[in-house]
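Student: how does the following fold in three dimensions:
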Amino acid sequence: MTPSRPSFGQGAMQRITRAIARRIAQGVAWPFMRLLCRGVLTVLRVDVTVRGAWPREPVLMIANHLSWLDIVAVLARRRCTFVAKRDVQRWPVVGWCADALGVIWVDRERKRDLLRAIPALQETLQSGTSVLLFAEGTTGDGRALLPFKSGLVEAAVRARALVVPLAVTASASQGDLSALCWIGDETLMANLPRVGALRDIRITLHAAPALMPGPFARARAQRKQLTASARTAIAIRTFGGAIRRMSPETRHRAPQPQTFSSPPPTTS
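Tutor: The predicted model follows:
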């Protein structure tokens with residue numbers, strides 16, 4: 001016999017039950033993760049500066065991506081979960097902690113996985129949890145933004161959630177600035193001592209004004225427009241490059257940008 005599908009009421013109850021279970025798990029995991037992230041930043045002597053207004057309600061934060069430090073910096077300051085590659089789920093400790101936070105795992109090798117990830121992201125937003133999305137889909141070298149992928153932004157359109165562009169910049173006064181970009185085949189264990197060798201590290205999280213999905217346009221058009229607008233806001237705030245050299249004498253002022261390259265356009 002073919003099992004019958006749950007009724008509308010049963011489906012709604014299942015969603016509510018999952019949301020409650022997720023909030024309980026996050027309530028346990030969040031204080032631990034915040035403490036862990038703040039500990040990592042303290043050990044590596046990383047200062048995190050937050051600029052702009054961060055709405056209190058659940059939002060989809062769209063950010064550029066430089067390094068694993070981006071996630072640590074955000075989790076140290078903001079209660080949220082995030083979207084990550086499914087490969088990370090297999091990492092010892094990290095995968096377990098991410099699962100407890102309700103991370104939305106995405107298999108970027110399979111485009112059809114979006115059919116599963118978009119409703120999962122929508123449900124997370126509707127349950128009252130903010131989500132961090134690195135729309136480039138990978139880390140960049142900080143000199144120029146990579147194309148932003150708009151597929152997952154459809155979840156914010158469906159959930160009628162605000163979209164907050166989040167520009168991530170990083171600086172240091174001494175050392176190899178390329179350590180602030182975790183790119184290529186470099187492992188986490190190889191990157192850690194390189195970051196540790198830097199001095200006066202500062203990560204700035206600059207939240208641009210929130211964007212609201214429109215009431216009439218089709219979901220595809222809205223998510224493309226939201227993604228393009230978020231990318232423009234981030235490009236303005238990372239003008240000159242997202243990786244910057246800062247002299248010790250000016251560490252309490254804004255760091256000076258390095259080279260600038262024009263960012264490529266948004267893709268679907």
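Student: can we go C-alpha only for contacts and neighbour counts from here?
Tutor: Fine.
Student: just give me the longest strand of this protein.
Tutor: Identified as the longest strand of the chain according to DSSP state E is strand 162-172.
Student: that one - contacts with which helices or strands?
Tutor: Counting contacts by 3 or more CA pairs under 8 Å, 6 or more residues apart in numbering; DSSP states H and E, the secondary-structure elements packed against strand 162-172 are strand 59-63, strand 201-207, helix 219-237, strand 243-245.
Student: any chance of the ones you listed in JSON lines, plus mean pLDDT and mean neighbour count?
Tutor: As requested, the helices and strands packed on strand 162-172 are exported to JSON lines (pLDDT from 0 to 100; neighbours: other CA atoms under 10 Å):
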{"stretch": "strand 59-63", "mean pLDDT": "97", "mean neighbour count": "26"}
{"stretch": "strand 201-207", "mean pLDDT": "97", "mean neighbour count": "22"}
{"stretch": "helix 219-237", "mean pLDDT": "94", "mean neighbour count": "20"}
{"stretch": "strand 243-245", "mean pLDDT": "93", "mean neighbour count": "24"}
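Student: redo these as JSON lines? Include distance to Ala84.
Tutor: Supplementary listing: the helices and strands packed on strand 162-172 in JSON lines, determined by distance: least, CA to CA, whole Å:
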{"stretch": "strand 59-63", "distance to Ala84": "13"}
{"stretch": "strand 201-207", "distance to Ala84": "19"}
{"stretch": "helix 219-237", "distance to Ala84": "18"}
{"stretch": "strand 243-245", "distance to Ala84": "22"}
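Student: so which of these is nearest Arg194?
Tutor: Set against Arg194 and scored by CA to CA, the helices and strands packed on strand 162-172 come closest in strand 201-207, at 11.9 Å.
Student: helices along this structure, start to end?
Tutor: 8-43, 68-77, 94-100, 114-126, 154-159, 188-196, 219-237 (DSSP state H).
Student: quick one: buried residues of the third one?
Tutor: Okay, so that is helix 94-100. Of the residues in helix 94-100, those buried under the neighbour-count criterion (16 or more other CA atoms under 10 Å) are Gly95, Cys97, Ala98, Asp99, Ala100.
Student: other SSEs contacting that helix?
Tutor: Using 3+ CA pairs under 8 Å, 6+ apart, the elements in contact with helix 94-100 are helix 8-43.
Student: where in the stretch 1-150 of the chain is pLDDT low?
Tutor: 1-28, 89, 91-95 (pLDDT under 70).
Student: before we move on, back to that, tell me the one of the buried residues of helix 94-100 nearest Leu226?
Tutor: When the buried residues of helix 94-100 are compared against Leu226 (criterion: CA to CA), the nearest one is Ala98, at 26.7 Å.
Student: how much space separates Leu132 from Leu192?
Tutor: 23 Å (CA to CA, to the nearest Å).
Student: save the helices of the chain as CSV, and put in distance to Lys85 too.
Tutor: Written out in CSV, the entries for the helices of the chain read as follows (distance: least, CA to CA, whole Å):
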stretch, distance to Lys85
helix 8-43, 19
helix 68-77, 12
helix 94-100, 11
helix 114-126, 11
helix 154-159, 17
helix 188-196, 15
helix 219-237, 20
